[in-house]
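**Q** Whatever this is, show me its structure:
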Amino acid sequence: MNKIIRARARMRSVDEITGSRRLRRMRKADWSRRLVRETRLAVEDLVWPVFVTEGEGREDPVAAMPGVFRYSVDRLVREAERAAALGIPAIATFPNVELERRDERGSAILDPDNIINRATRAIKEAVPEIGIITDVALDPFTSHGHDGILKDGIILNDETVAHIAEAAVLQAEAGADVIAPSDMMDGRVGAIRDALDSAGFQHVAIMSYATKFASAFYGPYREAIGTGGLLKGDKKTYYIDPANTDEALRETDQDLAEGADMVMVKPGLPYLDIIRRIKDTFAVPTFAYQVSGEYAMIRAAARNGWIDGESAMIESLTAFKRAGCDGVLTYFALEAAELLRKS
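**A** Residues are numbered from 1 along each chain as shown. Model (predicted):
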């Protein structure tokens, strides 16, 4: 007992330990927490990725992504109107192409009237104020599920680049505001910039998937675009090794030198360190894609009652902003926008 008394006598008070600094003072009330908040998430930070499919009046649920649908063009126009009304600045479109329209070379991407270009024209006519970001990767259009032209088990870089540069011009002609190449082929940003400029589309921006990693988090997306059962092998010969950070910076530097206006990190939460390094190094508009696997994990855990889904959603999106993102592509965009408008 005497030892306990002596020990207590030697204990310093909290004031002696911290001096006059008590960091909890500014956490004591909601108003003070809001007053000193360092990172702010707003509706303007959100880009909504959407899936478009053939037909009319269709809203096909994606089983692995509860709450996400593949929309026919007419329904997607209605959803774009909803997004614009919420203040979401842009949507990013991804096609689910019918199997009979896919081939080894992804030829349908060069059809001026393919599903992506028809969706762009329809949305721009109905909702001209919303930005449209289109992807020129071949994977939704190929019969093998790869992002490039496949020959004898090898992805042909230069042939693929020529293919997607031509497709980028068609997407710009349809009304796309931003071309977002996600294929990770060498030289594709420069080729797309040259093709757009030569065709008179100097005003069309490029958002490069500058650091797209060979990730395990893409599975639900592949279901959404119908490539999950098609993919032969993997994409490790052209996506970045998840273990590498310096390589991610080299890729970003290369794309900026070729003319990218914005860069993206994909996936998102597992790569916050990459986001921070890119933003600190290049100080350019930087985005993250909160991919399908990230979305599905949060949604599934919330549906099982393991986490508070709304809180986890907002916390994850805030993490992107804290890491340095100027914006986030997220399937939560509509839901998050509605919450942010109420707060």
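**Q** can you map out the strands along the chain?
**A** Secondary structure of the chain, counting by DSSP state E: strands at 46-53, 59-61, 69-72, 90-96, 131-134, 149-151, 154-156, 178-179, 205-212, 262-266, 286-290, 327-330.
**Q** how about the ones you listed, which one is nearest Leu110?
**A** Shortest distance between Leu110 and those, using CB to CB, is found for strand 149-151: 12.1 Å. (Each C-beta comes from the backbone N, C-alpha and C, glycine too.)
**Q** Quick check: neighbours of the closest one in the sheet, parallel or antiparallel?
**A** Strand 149-151 has its sheet partners listed here by DSSP bridges as strand 154-156 (antiparallel).
**Q** mind checking how far the residue nearest the centre of the chain is from Ile133?
**A** Among the residues of the chain, the one closest to the centroid is Tyr289, at 2.3 Å (CA atoms, centre = their mean). To Ile133, Tyr289 is 11 Å away according to CB to CB, to the nearest Å.
**Q** And the helices in the protein?
**A** 2-10, 14-18, 30-35, 73-86, 115-126, 157-174, 188-198, 219-225, 246-258, 272-282, 292-303, 309-323, 333-342 (DSSP state H).
**Q** out of those helices, which comes closest to Val47?
**A** Across the helices of the chain, Val47 has its closest neighbour in helix 333-342 (6.7 Å, CB to CB).
**Q** other SSEs contacting the closest one?
**A** Contacts defined by 3 or more CB pairs under 8 Å, 6 or more residues apart in numbering; DSSP states H and E place helix 333-342 against strand 46-53, helix 73-86, helix 309-323.
**Q** hmm, who's touching that helix?
**A** Under the contact criterion CB atoms under 8 Å, 6 or more residues apart in numbering, helix 333-342 has outside partners 41-43, 46-49, 67, 82-83, 86-88, 310, 313-314, 317, 330.
**Q** now with 6 Å?
**A** 43, 46, 48, 86, 88 (CB atoms under 6 Å, 6 or more residues apart in numbering).
**Q** mind checking pLDDT for Leu269?
**A** According to the prediction, Leu269 has pLDDT 97.
**Q** Contact partners for Met184?
**A** Here Met184 is in contact with 212, 238-239 (CB under 6 Å, 6+ apart).
**Q** repeat that with 10 Å
**A** 137, 147-148, 155, 157, 208-214, 235, 237-240, 251, 255, 266 (CB atoms under 10 Å, 6 or more residues apart in numbering).
**Q** before we move on, back to that, rebuild the strands of the chain as CSV, extending it with mean pLDDT and distance to Val36.
**A** Below are the strands of the chain laid out as CSV (pLDDT from 0 to 100; distance: least, CB to CB, whole Å):
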stretch, mean pLDDT, distance to Val36
strand 46-53, 97, 24
strand 59-61, 96, 42
strand 69-72, 97, 40
strand 90-96, 96, 31
strand 131-134, 98, 33
strand 149-151, 91, 53
strand 154-156, 92, 50
strand 178-179, 98, 35
strand 205-212, 97, 32
strand 262-266, 97, 28
strand 286-290, 98, 25
strand 327-330, 98, 23
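**Q** now those as CSV including distance to Ala165?
**A** Conversion of the strands of the chain to CSV gives the following (distance: least, CB to CB, whole Å):
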stretch, distance to Ala165
strand 46-53, 22
strand 59-61, 31
strand 69-72, 27
strand 90-96, 19
strand 131-134, 14
strand 149-151, 13
strand 154-156, 14
strand 178-179, 10
strand 205-212, 11
strand 262-266, 18
strand 286-290, 22
strand 327-330, 23
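**Q** and of the ones you listed, who's closest to Lys124?
**A** Of those, nearest to Lys124 by CB to CB is strand 131-134, at 6.6 Å.
**Q** Note down every partner strand of the closest one and its orientation.
**A** When pairs are called by DSSP bridges, strand 131-134 turns out to pair with strand 90-96 (parallel), strand 178-179 (parallel).
**Q** Pro61: how many residues sit nearby?
**A** A count of nearby residues for Pro61, using other CB atoms under 10 Å, gives 11.
**Q** ok, it to Asn117 distance?
**A** As judged by CB to CB, Pro61 and Asn117 stand 25 Å apart.
**Q** If you tally nearby residues, what's the number for Met318?
**A** Wrong residue type there; residue 318 is Thr, not Met. That count, for Thr318 with other CB under 10 Å as the rule, works out to 16.
**Q** list the contacts for it?
**A** Thr318 neighbours (CB under 10 Å, 6+ apart): 37, 39-41, 45, 328.
**Q** So which of these sits lowest on pLDDT?
**A** Arg37 (86).
**Q** ok, now how distant is that residue from Asp308?
**A** With CB to CB as the criterion, Arg37 and Asp308 are 19 Å apart.
**Q** again with Gly55
**A** Taken as CB to CB, the span from Gly55 to Asp308 is 37 Å.
**Q** Please apply the same query to Asp45.
**A** For Asp45 relative to Asp308 (CB to CB), the value is 21 Å.
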